[in-house]
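from the sequence below, what's the structure:
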Amino acid sequence: MDRLLRAKYAVSVVLTMAAFSAGAQADELQARANALFKPIPAQPPALPGNQATAARVALGKALYFDRRLSKSQQISCNSCHDVGTGGADQQRTSIGHNWQRGPRNSPTTFNAAYNFVQFWDGRAKDLAEQAGGPMQNPLEMANTPDAVVATLKSIPDYLPRFKAAFPGTADPITLDNATSAIAVFEATLVTPNAPFDKYLRGDANALTHEQKEGLRTFMDKGCIACHRGVNIGGEMYAKFGLIKAPGSDIRPAADKGRFAISKSSGDEFVYKVPTLRNITLTAPYFHSGQVRDLGEAVKIMGEAQLGQKLSDTDVNNIVLFLGSLTGAQPKVDYPVLPPSGPDTPAPPYP
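Numbering: from 1, shown residues only. Take a look at the predicted model:
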């Protein structure tokens, strides 16, 4: 009898130690994660010098969806950054004016307010500057600042909306005010409460065992060198092909990234590190948009950035972890836009 009791006691001690060890490992993983990542706040971030009043956000929302800001009157911000498909358009590269294709994949607008710069090459310092770029790009909306302003002024109901959004301004309908309004609307496109956010806030059961293993692999392999912080990316530039250059189909030789802006040889093939939030919703991947399978993208990054050939198990677990980064999607009702006035330009096509 004593022998049986001693055996049961020994088993109990072993199980208790195993449970303690597993709990300690879980606490250690959670502590490591909290040192590197931050959950998306429930409230949208404030933009410096751009107050997010209700009137300004509502105006920005209307402008985001208004195709009349483009020369053809067929393309809006939402055309390439669709709020129904993760803030992107699921295209390799977006279709713009006269069916031209842009040179790079459209980044998501979701959580873009947390990026330290905008566009793949960082040529816009903030969301307002970014919003004005496509309007004037001949491959995208192909308009001019004067034409955009003239169109907005020709739509009677936009004047009271701009006055409410920018009170005390003698001439409120300007391109700067339009892009500022779009920016504060875009800042509302945040995706909080992803399973990973809940895990960071202390819910150890928010991730599956496989997702936790993926998180551990993500950290241990070195992905966190670039993908960290609240947006799990978007905080720095990095060379694509740091260790091994990807194939020219994935990293086209003609697109040298930030080099086109800085003219510094050290910036060849350097790009803004993209956010990984909602990554399962925003295929295809990379600035070239050439890879649609997330597992394949993880393998490419392992070799190109880390110099490692990741095992199938590691890849699968990382992909499962990345799935935990999908947050609550913004609920955006399509706005009722103000009707055109008698002087509003007609679309240029018969």
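
all contacts plus neighbour counts: C-alpha atoms, from now on.
Noted.

can I assume A33 is in contact with L200?
Yes. Counting by Cα atoms under 8 Å, A33 touches L200, with 7.0 Å between them.

relative to I224, how far out is the residue nearest the centre of the chain?
Centroid-nearest residue in the chain, with Cα atoms, centre = their mean: T108, separated by 4.1 Å. Using Cα to Cα, to the nearest Å, T108 is found at 20 Å from I224.

what's the answer for F269, then?
For F269 relative to I224 (Cα to Cα), the value is 20 Å.

which one of the two has more residues nearby?
More crowded of F269 and I224, by other Cα atoms under 10 Å: F269, with 23 against 16.

now that one: how far from F162?
41 Å.

now K38
For K38, the distance to F162 equals 36 Å [Cα to Cα].

which of those two has more residues huddled nearby?
More crowded of K38 and F162, by other Cα under 10 Å: F162, with 24 against 17.

quick one: the helices in the stretch 101-250 of the chain, in order.
Per DSSP state H, counting those that start in this stretch, the stretch 101-250 of the chain carries helices over the ranges 127-136, 145-154, 158-165, 175-186, 195-200, 209-221.

from the contact counts, what lies against the shortest one?
Where contact means 3 or more Cα pairs under 8 Å, 6 or more residues apart in numbering; DSSP states H and E, helix 195-200 is packed against helix 2-36.

what's in contact with the helix or strand following the helix it packs on?
With elements assigned by DSSP states H and E, the helix or strand that comes after helix 2-36 is helix 54-65. For helix 54-65, the surrounding residues in contact (Cα atoms under 8 Å, 6 or more residues apart in numbering) are 69, 76-78, 161-162, 164-166, 178-186, 334-337.

report the buried members of the residues you listed.
The neighbour-count test (16 or more other Cα atoms under 10 Å) applied to the contacts of helix 54-65 identifies 69, 76-78, 161-162, 164-166, 178-186 as buried.

sorry, back to before: pick the most deeply packed of the helices of the stretch 101-250 of the chain.
Mean neighbours per residue, mean count of other Cα atoms under 10 Å, is largest over the helices of the stretch 101-250 of the chain for helix 175-186, with a mean of 24.

contacts for that one?
47, 50-52, 56-61, 63-64, 109-110, 112-113, 127-129, 131-132, 145, 148-149, 165-166.

got the CA positions of that helix in PDB?
Once non-C-alpha atoms are left out, helix 175-186 reads as follows in PDB (Å, rounded to 0.1, in the frame of the first residue of the first chain):
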ATOM      1  CA  LEU A 175      -6.500  70.300 -51.900                       C
ATOM      2  CA  ASP A 176      -4.700  70.500 -48.600                       C
ATOM      3  CA  ASN A 177      -8.000  70.400 -46.700                       C
ATOM      4  CA  ALA A 178      -9.300  67.600 -48.900                       C
ATOM      5  CA  THR A 179      -6.300  65.400 -48.200                       C
ATOM      6  CA  SER A 180      -6.400  66.300 -44.500                       C
ATOM      7  CA  ALA A 181     -10.000  65.100 -44.300                       C
ATOM      8  CA  ILE A 182      -9.100  61.900 -46.100                       C
ATOM      9  CA  ALA A 183      -6.300  61.400 -43.700                       C
ATOM     10  CA  VAL A 184      -8.400  61.600 -40.600                       C
ATOM     11  CA  PHE A 185     -10.900  59.200 -42.100                       C
ATOM     12  CA  GLU A 186      -8.200  56.800 -43.000                       C
END
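
quick revisit: G86 is in contact with the residue nearest to the centre of the chain, correct?
Yes. Between T108 and G86 there is a contact under Cα under 8 Å: 6.7 Å.

what sits in contact with each of these two?
In contact with both T108 and G86: T282, using Cα under 8 Å, 6+ apart.
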